[in-house]
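Colleague: curious how this folds, go ahead:
(one chain, ligands or ions: 1)
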Amino acid sequence: MATTTTTKPRDSWGSKFGFVMAAAGSAVGLGNIWKFPYTAGESGGGAFVAIYLLFVIFIGFSVMLTEFAIGRKTSVSAVGAFKSTDRRWTFVGVIGVLSGLLIMGFYPVVGGWAVAYIYKIATGLLSTPEAIGDSFGSFISDPVQPLMWMGLYLLFNIFVVIRGVSGGIEKAGKILMPLLFLILVLVAVKGLSLPGAMAGLEFLFQPDFSKVNSSVVLAALGQAFFSLSLGMGCMITYGSYLKRKENLVQTTAMVTAMDTGVAMLAGVAMFPAMFAFSIEPAAGPGLVFVVVPQLFAEMGGVIGLLLALLFFIGLSVAALTSSVSLLEVVVSYLIDEKGMKRPTAVLSASAVMAVLCVFASLSLGGTGPTLFSTGAFDIFDLLTDKIFLAVGGMFVCIFAGWRLNRAELEKEITNDGQIKFPLFGLWYNLVKYVIPFAIAIVAIAGVKAGFDSGKGEIMMIGLGVIGIAALLSKKL
Ligand code: TRP
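Modeller: Okay, here's the model as predicted:
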């Protein structure tokens, strides 16, 4: 039963460096630089960061290794990986494709903002520092402007993904990821040099556990999954392109470390500056779009302008190497399971995403349909980040621990015994027992707490969708 169904040759990664960079490119994105800082700010700072780090180490690392192993073992994309093993598990892949569509229902909106900021900075945004905050607010609530930038951003994605895996994604990642890292270091150094910077570091790294509740814990879990690109088959799909001889454990360690490093760096770049400018930590999704331009406006001159430009170019590129991986999950599903040609698959997936993005963008200006008085942008974010990814990751672990065979997993992860992984037993037990249980508890408590803030209903709908998918699993 546990055989793969495809025999056609699969495009594979050109080099080890290329794969690590592409997987890190998928992981490092808006999640690290846009979402992490504002979520940490809204969730009380240090304690959130500490819990997030624990989740990354104990859950994120293990789930990523599991996803790579499942992907490489089955050599098919997310849905096929489950389906070829056991049709009853197809729903986990399907939930993943759905998460991909939904995340791409708002991610390109924010990606579009990043691209727009390159243009805005080039055309004089920094010359009026006091207007930077208001200008962000009026920009994202405008009904037309952000849509044009979103469209442009989505076109970049289409271009990269149509060219296929080693041609497009790999090249983009290889050149642009190291550049982004360098820019972030510069931004962090500048932020730390401002007066009052220490208060920002304290906020970020000094845990105050009295601020922790179930919502904060669920937010930290969701952030770990989102940032590491886990729980929706993204790393399964990437793993399916991975060559037999690569070291999965080492690759996982490198990707996890880079992703978490960039998130921390983004925090260090942003919080000191925020405290120096007395911007509220809970300022929300506008954080990076307000703090960073203000930081560079403060710096002034041509250098400030150039660095600001480079920052938003880097942010756009980081977003791009992430969103192409989301698009790729949906596209490889359409290719592998529905027999579509790559260009047709890319265009049909992007068309659906574009429509969702229009709703998401309009919802920020207060227009468009709402559900339990929540707009499209927040619905997509809530469903994916708080429910689908974590529950998806839970099923990935249950699948590996209870449906797959321990000896086969060990063979896959150690490349038939050629690679030493002394922690295999620990990893296996975490994946089989601890992680599914931990995620279930965090999710249940988080949904319960969600009812206090009016978000519980939407989360319940998400759980309902998963239940229905599971019931229909054999037909999917
Ligand atoms: N990790 C990416 C970021 O931080 C977003 C992303 C890409 C993602 N692929 C994913 C999130 C798969 C969840 C699942 O921006």
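Colleague: strands of the stretch 51-200 of the chain, start to end?
Modeller: Along the stretch 51-200 of the chain, no segments are classed as strands by DSSP state E, counting those that start in this stretch.
Colleague: OK, now which residue of it is nearest to the ligand?
Modeller: Taking C-beta to the nearest ligand atom, the ligand has its nearest neighbour within the stretch 51-200 of the chain at Ile103, 5.8 Å off. Yep, even glycine has a C-beta here, placed from its N, CA and C like the rest.
Colleague: how far away is that residue from Val110?
Modeller: Ile103 sits 11 Å away from Val110, going by C-beta to C-beta, to the nearest Å.
Colleague: so the two - more neighbours on which side?
Modeller: Between Ile103 and Val110, counted using other C-beta atoms under 10 Å, Ile103 has the larger neighbour count: 29 against 26.
Colleague: does the ligand sit close to stretch 215-223?
Modeller: No - looking at stretch 215-223 against the ligand by C-beta under 6 Å from any ligand atom, there are no contacts, and the closest approach is 9.0 Å.
Colleague: what are the contacting residues of that stretch?
Modeller: Under the contact criterion C-beta atoms under 8 Å, 6 or more residues apart in numbering, stretch 215-223 has outside partners 31, 35-36, 39, 43-44, 47-48, 51-52, 55, 59, 385-386, 389-390, 439, 442-443, 445-447, 449-450, 453.
Colleague: which elements pack onto the helix or strand in which Ile444 is found?
Modeller: For Ile444, the enclosing helix or strand under DSSP states H and E is helix 435-450. Applying 3 or more C-beta pairs under 8 Å, 6 or more residues apart in numbering; DSSP states H and E, one finds that helix 435-450 contacts helix 214-227, helix 389-398, helix 456-471.
Colleague: pull out the buried residues from the longest one.
Modeller: Of the residues in helix 456-471, 456, 458-459, 461-463, 466, 469-470 count as buried by neighbour count, 16 or more other C-beta atoms under 10 Å.
Colleague: same question, the second one
Modeller: Neighbour-count burial for helix 389-398 flags 389-398 (criterion: 16+ other C-beta under 10 Å).
Colleague: turn these into a markdown table, columns for pLDDT and distance to the ligand.
Modeller: Conversion of the buried residues of helix 389-398 to a markdown table gives the following (pLDDT from 0 to 100; distance: C-beta to the nearest ligand atom, whole Å):
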| residue | pLDDT | distance to the ligand |
| --- | --- | --- |
| Leu389 | 97 | 6 |
| Ala390 | 95 | 11 |
| Val391 | 95 | 13 |
| Gly392 | 96 | 9 |
| Gly393 | 97 | 10 |
| Met394 | 97 | 14 |
| Phe395 | 96 | 14 |
| Val396 | 97 | 12 |
| Cys397 | 97 | 15 |
| Ile398 | 97 | 18 |
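Colleague: among the buried residues of helix 456-471, which one lies nearest to Arg163?
Modeller: Nearest to Arg163 among the buried residues of helix 456-471 is Ala469, at 31.7 Å by C-beta to C-beta.
Colleague: residue contacts, the closest one?
Modeller: Per C-beta under 8 Å, 6+ apart, neighbours of Ala469: 91, 94-95, 98, 476.
Colleague: could you dump these to CSV with distance to Lys211?
Modeller: Listed next are those as CSV, based on distance: C-beta to C-beta, whole Å:
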residue, distance to Lys211
Phe91, 36
Val94, 37
Ile95, 32
Leu98, 33
Leu476, 41
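Colleague: tabulate these (CSV), appending pLDDT.
Modeller: Written out in CSV, the entries for the contacts of Ala469 read as follows (pLDDT from 0 to 100):
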residue, pLDDT
Phe91, 92
Val94, 91
Ile95, 92
Leu98, 93
Leu476, 74
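Colleague: flag every residue of the stretch 151-300 of the chain that's near the ligand.
Modeller: So far as C-beta under 6 Å from any ligand atom goes, the stretch 151-300 of the chain lies against the ligand at 226-227, 229, 232, 234.
Colleague: and if we set it to 8 Å?
Modeller: In this structure, the stretch 151-300 of the chain approaches the ligand at residues 225-232, 234-235, 259, judged by C-beta under 8 Å from any ligand atom.
Colleague: count of neighbours near the nearest residue to Ala349 once chain neighbours are set aside?
Modeller: With sequence-adjacent residues excluded and distances taken as C-beta to C-beta, 6 or more residues apart in numbering, Ala349 is closest to Val330, at 4.3 Å. By other C-beta under 10 Å, the residues close to Val330 number 28.
Colleague: what's the answer for Ser214, then?
Modeller: Going by other C-beta under 10 Å, the residues that sit close to Ser214 add up to 18.
Colleague: likewise Gly454?
Modeller: A total of 11 residues lie near Gly454 under the criterion other C-beta under 10 Å.
Colleague: I figured it was touching Thr374, is that so?
Modeller: Yes - taking C-beta atoms under 8 Å as the definition, Gly454 is a contact partner of Thr374 at 7.4 Å.
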